[in-house]
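# no sequence for this one, just the structure:
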């Protein structure tokens with residue numbers, strides 16, 4: 001099998017994976033599954049798209065097909081953000097309030113970061129660290145903050161110390177897992193420093209901006225360290 005066809009098939013598998021998660025969450029939400037939890041499951045699942053990198057033939061230019069899920073959703077989110085109704089699966093599984101315009105903020109920013117990581121930083125450990133922190137840390141922090149949060153703070157918008165602690169812990173876990181899967185090795189110094197800094201960044205971030213600020217902080221540290 002040619003590298004072009006092989007990489008195309010892997011890309012199709014990654015697209016199917018991402019769309020399957022969204023479809024499953026849509027089905028569960030229709031049956032009463034909490035929308036805020038479904039949103040974060042999609043968030044984490046989207047970040048884990050990069051585990052397909054282990055399957056690509058990186059010697060052929062077609063490894064760039066890895067950004068297919070992000071590119072497709074980038075276009076869909078723009079379309080849906082302007083025209084979808086409240087029953088659209090993306091609106092129900094990716095927004096906080098059911099307002100389609102939310103798709104043009106955090107979720108859209110997330111796809112942009114995925115495309116940057118899958119091109120400029122493909123097969124770089126900073127991608128594993130960034131997506132681990134952004135997917136797991138930022139994905140699970142609000143859920144833990146809502147469930148266990150008892151101590152709030154309000155630098156820019158109201159958050160909880162428990163949620164921030166969850167961000168730090170699960171950010172490290174996510175970066176650890178992706179790094180091991182992709183590279184079989186760890187840079188715990190970089191992971192820890194990125195997790196600590198982004199925990200502070202997330203605490204100070206306005207809503208929807210963290211999907212841009214967290215990766216930016218990780219990349220700045222990557223170049224500095």
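On my side now, so go ahead. As the structure is a prediction and not an experimental result, all values here were calculated from the model.
# Please make it C-alpha for all contacts and neighbour counts, starting now.
Will do.
# low pLDDT regions in this protein?
Applying pLDDT under 70 to the chain flags no residue at all.
# for the longest helix that it contains, packing partners?
In the chain, assigned by DSSP state H, the helix with the most residues is helix 3-30. Contacts defined by 3 or more CA pairs under 8 Å, 6 or more residues apart in numbering; DSSP states H and E place helix 3-30 against helix 35-47, helix 68-83, helix 89-94.
# Buried residues in it, which are they?
Residues of helix 3-30 classed as buried: 3, 6-8, 10-11, 14-15, 17-19, 21-23, 25-26, 29 (neighbour count, 16 or more other CA atoms under 10 Å).
# how much space between residue 61 and residue 127?
Distance of residue 61 to residue 127, computed by CA to CA, to the nearest Å: 19 Å.
# Those two: who's more crowded?
Ranked by neighbour count (other CA atoms under 10 Å), residue 61 and residue 127 place residue 127 first, with 25 against 11.
# Which element, helix or strand, includes the nearest residue to that one once chain neighbours are set aside?
Closest residue to residue 127 apart from its sequence neighbours, by CA to CA, 6 or more residues apart in numbering: residue 117 at 5.6 Å. Element membership for residue 117 (DSSP states H and E) is helix 106-119.
# Pull the residues that contact that helix.
47, 50, 64, 66-67, 70-71, 73-74, 77-78, 94, 127, 208-212, 215 (CA atoms under 8 Å, 6 or more residues apart in numbering).
# Which segments of the chain make up each domain?
The chain breaks down into these domains under automatic domain parsing: 1-123, 124-225.
# What is the end-to-end distance of the last one?
Domain 124-225 has its terminal residues 14 Å apart, counting by CA to CA.
# again, but for the first one
End-to-end span of domain 1-123 (CA to CA): 23 Å.
# my guess is residue 78 contacts residue 101, does it?
No: if you go by CA atoms under 8 Å, residue 78 and residue 101 don't touch, sitting 9.1 Å apart.
# tell me the angle the helix holding residue 117 makes with helix 35-47.
Helix 106-119 and helix 35-47 meet at an angle of 10 degrees, taking axes from the mean of the first three to the mean of the last three CA atoms, to 10 degrees as the criterion.
# any idea how far helix 106-119 is from the chain center?
8 Å (CA atoms, centre = their mean, to the nearest Å).
# May I see the buried residues of it?
Under 16+ other CA under 10 Å, the buried positions of helix 106-119 are 106, 107, 108, 109, 110, 111, 112, 113, 114, 115, 117, 118.
# Of those residues, just say which sits nearest to residue 219.
residue 117 (10.2 Å; CA to CA).
# didn't residue 80 look like it was pressed against residue 99?
No: the criterion here is CA under 8 Å, and residue 80 misses it with residue 99 at 10.6 Å.
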